[in-house]
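J.: heads up, no residue letters with this:
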């Protein structure tokens, strides 16, 4: 059999112009500015930050965030935690519920692994059954290994999202008391993440939503403290609202992750004046593969970018045609001219897209190509592996 | 460093109940019936079939289709063709335009590779520039290797989709004549795929759409034949319309791919009486991870299934609660009861989802878990690797 050449979309040292399409490209200069802004914000507000790594799914970027001051990262899935741990990230919070006994056995094994590395695993719960199963898995792991490990457990409260989490108040107290019964579990505090608030466009309405969340947290914390238990930490907040949680005096840890890359959806939020001015740092590089009288077709469809938060925006570089992106299916995008003269790009021309939602967009790619010196004439500096891509379980 | 156990979502021989969640599961019994129905249809109508492998992205399934009578497979991307070729698939049609010279060099290398394996590569074009660049790449490869290879080239016509493809008529003739100039290119015929028609719900409106496409093809074919060129083959058709193209007497090759798995979107089409009754064969296995008064939360969000053609449907097995799936974000689904008694599933219970669109759903997964004996009590028979997952370039 004759051999096929292997194919990489980009090699370090090459020009941005040589990056194959469609590819996910990070503007590293913009990303580093975003990272510095968040680090400065957290320091100024004296709040911990534990960015959500479900967004970038990349151990290298997680470690870069920790070098900048993050206490660790959040993930949503056990398999994500495993992938990042394998990449050397040792302080991980699974900010989500795990119920299946087979998965909880993996959680317990990971807790032991991270402890051995000098780090720690944390997890969220929202049911008594979940607490009992987690304790069982931790005890089984202890019996099998002879090593006792403690896992941090946060009680997740529903503060307005209507998804997971117990109701604020008595239900949260019940769970805290249940956690206290099990020596392998340490009640670490409350998770009060308001997912819906992240995408409320009006700054005032976001303030109202988070104010309600804060009230729920304060009330619940008092009830737990009345049981003689300390609530060491309240964790939550995303890129859309974190400055509100930071200012609350109640939240001690921010989970915002998308700030690093920003996406078209977060950019549609009315920005609170106090929020750092994050820049778009994540792009899909695509090129025109077919031209027509009224439209051009590019080689990026929704296998290249997620569309749950809307279609990508076209990011016109200086001198480039202004375009609108319409859905062309899994592998194609339809470009229409919107600017003066209704100019369309020619065959083979590069077009840059800003994804609607960064998290599920990153999940579609095996690698992110880091560029310095700008999108027009920059250089590939580093290729980041998406370690936890497809880590669903 | 202590070691982490590796994790597979399923092992051959295990019960379906042991498959981790969320996972992509193929009901192999249903899939085999779908495959047999299409093979029988093609035989009865004396038409070639070349199923689109952009759907399953899996060399094993491509080869299973070819054993059942398919002449080869279609793909949309050069990297998909490479991944399937590496998996032993030797007859591949890139039913899409390739414009970048670096990509065309890979196309030329692949053409040589497949010829050496006794197979063949074909590709679509819709511009003179595209033909010239393709010929250049084929010539460069010949010069470099000393091996002359011929690639089959189809002229893509826009028969109603409004995406790629030249207008029917003179523009297609121009391209056919251009192809004839280049010894490394063989004009193989016309691609006339009507993507939009696939999802027209009304059977009558689909018939009208394909009737127009057929008219365009007949007219264009006559013009090309008037230039003394043969139009050996007209290729096109998807799962929503293929029986119409097959009955046209004009299309010689069907590209339908989704029939193998079927999805919620295709099931919403009014079925033409003559169409084989394809069954749903692709499911996301998910489980309940959080329960509430009015809803349950499962562990499959839109990182587990594509939502471009709508949210997944819940597939209730016998005796199971009837549920509706609502979007819960990247990693969660919100389940609400719709059946009698408004029963909700309990913590840890399995829920089966039928994805809205199979192609981009498969692309989210590394593996598809093949089960025989049904979803309720079956056995894992085989784990299929999604060879071309993320093969975007």
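T.: That came through fine. Everything quoted here is computed from the prediction, not taken from an experiment.

J.: what sits against residue A:240?
T.: Contact partners of residue A:240, counting by CB atoms under 8 Å, 6 or more residues apart in numbering or on different chains, are A:197, A:198, A:199, A:200, A:206, A:266, A:269. All C-beta atoms are positioned from the backbone trio N, CA, C, and that covers glycine.

J.: And the nearest residue to the second one once chain neighbours are set aside, what's its pLDDT?
T.: Spatial nearest neighbour of residue A:198, excluding adjacent residues (CB to CB, 6 or more residues apart in numbering or on different chains): residue A:240 at 3.4 Å. According to the per-residue confidence, residue A:240 scores 92 in pLDDT.

J.: again, but for residue A:37
T.: 97.

J.: which element is the residue nearest to residue A:198 on?
T.: When secondary structure is defined by DSSP states H and E, residue A:240 falls outside every helix and strand.

J.: Next, give phi and psi for residue A:124.
T.: The main-chain torsion angles of residue A:124 are listed as degrees, to the nearest 10 and equal phi -100, psi 150.

J.: Just to check, it is in contact with residue A:192?
T.: No. Because the distance of 10.7 Å does not satisfy CB atoms under 8 Å, residue A:124 is recorded as not touching residue A:192.

J.: Now for whatever residue of the stretch 101-250 of chain A ends up closest to chain B, how many residues are close by?
T.: Using CB to the nearest CB, the single residue of the stretch 101-250 of chain A nearest to chain B is residue A:164, 4.2 Å away. Residues within reach of residue A:164, counting by other CB atoms under 10 Å in any protein chain shown, total 26.

J.: quick one: contacts for it?
T.: By CB under 8 Å, 6+ apart, the residues touching residue A:164 are A:96, A:97, A:124, A:126, A:156, A:158, B:289, B:290, B:297, B:332.

J.: now do 10 Å
T.: With contacts taken as CB atoms under 10 Å, 6 or more residues apart in numbering or on different chains, residue A:164 has the following neighbours: A:95-97, A:124-127, A:156-158, A:191, A:193, A:195, B:289-292, B:297, B:328, B:332, B:334.

J.: now, which of the residues you listed lie within strands?
T.: For those, the ones inside strands are A:124, A:125, A:156, A:191, B:289, B:290, B:291, B:297, B:334, with DSSP state E as the criterion.

J.: Now do the same for the residue of the stretch 101-250 of chain A closest to chain B: helix, strand or coil?
T.: Look at residue A:164: counting by DSSP: H, G, I helix; E, B strand; the rest coil, its state is coil.

J.: What residues does the closest residue in space to it that isn't next to it in sequence make contact with?
T.: In this structure, residue A:164 finds its nearest non-sequential neighbour in residue B:290, 4.2 Å apart by CB to CB, 6+ apart. With contact taken as CB under 10 Å, 6+ apart, residue B:290 is in contact with A:96-97, A:99, A:124-127, A:130, A:156, A:158, A:163-166, B:296-299, B:328, B:332, B:334, B:347.

J.: same thing but at 7 Å, please
T.: For residue B:290, the contacting residues are A:97, A:126, A:127, A:164, B:296, B:297, taking CB atoms under 7 Å, 6 or more residues apart in numbering or on different chains as the criterion.

J.: ok so, going back, do you know the pLDDT at the residue of the stretch 101-250 of chain A closest to chain B?
T.: What the model reports as pLDDT for residue A:164 is 98.

J.: For it, give its distance to residue B:233.
T.: In this structure, residue A:164 lies at 54 Å from residue B:233, with CB to CB, to the nearest Å as the measure.

J.: swap in residue A:48?
T.: 64 Å.

J.: hmm, back to that, I'd like to know how far the residue of the stretch 101-250 of chain A closest to chain B sits from residue A:127.
T.: Using CB to CB, one obtains 9 Å as the distance from residue A:164 to residue A:127.

J.: try residue A:325
T.: 42 Å.

J.: and stretch A:161-175, how far apart are its ends?
T.: In stretch A:161-175, first residue to last residue: 20 Å (CA to CA, to the nearest Å).

J.: Enumerate the positions of it that are buried.
T.: Of the residues in stretch A:161-175, those scored as buried under the neighbour-count criterion (16 or more other CB atoms under 10 Å in any protein chain shown) are A:161, A:163, A:164, A:165, A:166, A:168, A:171, A:172, A:173, A:174, A:175.

J.: again with stretch A:219-231
T.: Burial within stretch A:219-231, assessed by neighbour count using 16+ other CB under 10 Å, is assigned to A:220, A:221, A:223, A:224, A:229, A:231.

J.: The last one: what secondary structure?
T.: Following three-state DSSP, we place residue A:231 in the coil state.

J.: Can I get the contacts of residue B:290 in a markdown table including distance to residue A:285?
T.: Formatted as a markdown table, the contacts of residue B:290 follow (distance: CB to CB, whole Å):
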| residue | distance to residue A:285 |
| --- | --- |
| A:97 | 37 |
| A:126 | 41 |
| A:127 | 44 |
| A:164 | 36 |
| B:296 | 41 |
| B:297 | 36 |
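
J.: on that earlier part again, quick check on the residue of the stretch 101-250 of chain A closest to chain B: phi, psi?
T.: Dihedral angles of residue A:164 (phi, psi; degrees, to the nearest 10) stand at phi -90, psi 180.

J.: Helices of the stretch 201-350 of chain A, start to end?
T.: Across the stretch 201-350 of chain A, reading from the start of the chain, the helices by DSSP state H, counting those that start in this stretch fall at A:203-225, A:242-248, A:264-267.

J.: Turn the ones you listed into CSV, including distance to residue A:80.
T.: Supplementary listing: the helices of the stretch 201-350 of chain A in CSV, determined by distance: least, CB to CB, whole Å:
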stretch, distance to residue A:80
helix A:203-225, 25
helix A:242-248, 21
helix A:264-267, 21
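
J.: Just say which of these is most tucked in.
T.: helix A:242-248 (a mean of 23; mean count of other CB atoms under 10 Å in any protein chain shown).

J.: other SSEs contacting that one?
T.: Contacts defined by 3 or more CB pairs under 7 Å, 6 or more residues apart in numbering or on different chains; DSSP states H and E place helix A:242-248 against helix A:203-225, strand A:253-254.

J.: out of these, nearest to residue A:29?
T.: The minimum distance between residue A:29 and these falls on strand A:253-254, with 23.7 Å, by CB to CB.

J.: Average the pLDDT values over stretch A:327-338 and round to the nearest integer.
T.: In this model, stretch A:327-338 has an average pLDDT of 97.

J.: ok, now which ones touch the residue most central in space within chain A?
T.: Among the residues of chain A, the one closest to the centroid is residue A:55, at 2.7 Å (CA atoms, centre = their mean). Counting by CB under 7 Å, 6+ apart, residue A:55 makes contact with A:257, A:258, A:260, A:358, A:359, A:362.

J.: interface residues of the stretch 51-200 of chain A facing chain B?
T.: For the stretch 51-200 of chain A, the residues found near chain B under the criterion CB under 7 Å from any CB of the partner chain are A:54, A:76-77, A:79, A:82, A:85-86, A:96-97, A:99-100, A:102-103, A:106, A:109-110, A:112-113, A:116-117, A:126-127, A:129, A:163-164, A:195.

J.: Would you mind listing which of those are buried?
T.: Here, 16+ other CB under 10 Å leaves A:54, A:76-77, A:79, A:82, A:85-86, A:96-97, A:99-100, A:103, A:106, A:109-110, A:112-113, A:126-127, A:163-164, A:195 buried among those.
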